[in-house]
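In: what follows is a predicted protein model with its sequence.
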Amino acid sequence: DVKVTQSSRYLVKRTGEKVFLECVQDMDHENMFWYRQDPGLGLRLIYFSYDVKMKEKGDIPEGYSVSREKKERFSLILESASTNQTSMYLCATKAGGVGNTGELFFGEGSRLTVL
Amino acid sequence: AQSVTQLGSHVSVSEGALVLLRCNYSSSVPPYLFWYVQYPNQGLQLLLKYTTGATLVKGINGFEAEFKKSETSFHLTKPSAHMSDAAEYFCAVSNFGNEKLTFGTGTRLTIIP
């Protein structure tokens, strides 16, 4: 089974702090994604990466950056956290290549509160 | 561009009753369609998916969904609700060659004892 591990389940940070959210997968998937989930808004894509050192903006990249130095690890960075970034953050992976049917595998989420 | 509309942000059904969660999509090319379930304080888990072939797909926990191209719908059903089905359900769409999934806003299912 695919395992996607998000290092922190719950975090509380102060406005202006730098925040790192880490995601590690063990299935050698090419594609990795960061979503944020808010009530009534569903899941919105922040960034995704289809290869090491490659990244693409999603629908709401403002205020975030990402890093993918190794295939198994995808980090989401909030350079200066703000209260409107209080949310649930979900990491997901997907196999690449011909024939993949687009299924995402999710971590358990990181709930971030910014005070 | 692709989009997903889930009708009803909250649905309540009695235990043993039919569950019907609605999903309509928009896609310029043949879609891949998914239903995910999320239990409290957990990530999303795949219930079922449609890619090609048979339009009625069966998933885990007794759920199924039917792809209706003419109606651009992919509604999720279960004949008899169980208390353990209480969760949030998300419909999603992607298509071949597009790495991104687009999600609906979710439907919270409550089961009444």
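Out: Sure, I can see it.

In: got any ranges where the chain has weak pLDDT?
Out: Defaulting to chain A. Along chain A, segments meeting pLDDT under 70 span A:1-2, A:97-101.

In: let me rephrase: I mean chain B.
Out: For chain B, the stretches with pLDDT under 70 are B:96-99.

In: near chain A, which residues of chain B?
Out: Contact residues (CB under 8 Å from any CB of the partner chain) of chain B with chain A: B:9, B:32, B:34, B:36, B:41-46, B:49, B:51, B:90, B:92, B:94-95, B:98-101, B:103-106. Every residue, glycine included, has its C-beta placed from N, CA and C.

In: which residues of the chain fall in strands?
Out: In the absence of a named chain, this looks at chain A. With DSSP state E, the ranges of strands along chain A come out as A:4-6, A:10-13, A:19-25, A:31-38, A:42-49, A:56-57, A:65-70, A:73-78, A:87-94, A:105-106, A:110-114.

In: hm, I was asking about chain B
Out: Counting by DSSP E, the strands of chain B are B:3-5, B:10-14, B:19-21, B:24-26, B:31-38, B:44-50, B:56-58, B:64-68, B:73-78, B:87-95, B:102-103, B:107-112.

In: gap between the shortest one and the chain center?
Out: Averaging C-alpha coordinates over strand B:102-103 and over its chain gives two centres that are 11 Å apart (CA atoms, centre = their mean, to the nearest Å).

In: what strands line up against that strand, and which way round?
Out: Here strand B:102-103 is paired, per DSSP bridges, with strand B:87-95 (antiparallel).

In: contacting residues around the strand it pairs with?
Out: Identification of contacts with strand B:87-95 by CB atoms under 8 Å, 6 or more residues apart in numbering or on different chains yields A:42-43, A:102, A:104, B:2-4, B:6, B:21, B:23, B:25-27, B:29-40, B:44, B:47, B:74, B:76, B:100-104, B:106-109.

In: hmm, 6 Å instead?
Out: A:102, B:2, B:4, B:6, B:21, B:23, B:25, B:27, B:29, B:31-39, B:101-104, B:106-108 (CB atoms under 6 Å, 6 or more residues apart in numbering or on different chains).

In: go on, stretch A:11-29?
Out: A:2-7, A:72-81, A:89, A:91, A:93-95, A:107, A:110, A:112-115.

In: so what's residue B:111 bridging to?
Out: Under the criterion used here (DSSP bridges), residue B:111 is bridged to residue B:13.

In: spatially central residue for the chain, please.
Out: Reading this off chain A. Nearest to the mean C-alpha position of chain A, counting by CA atoms, centre = their mean, stands residue A:34 at 2.6 Å.

In: wait, chain B
Out: Most central in chain B (CA atoms, centre = their mean) works out to residue B:35, at 3.5 Å.

In: from residue B:16, how far off is it?
Out: According to CB to CB, to the nearest Å, residue B:35 and residue B:16 sit 21 Å apart.

In: go on, residue B:104?
Out: 26 Å.

In: comparing those two, which shows the higher neighbour count?
Out: residue B:104 (25 against 11; other CB atoms under 10 Å in any protein chain shown).
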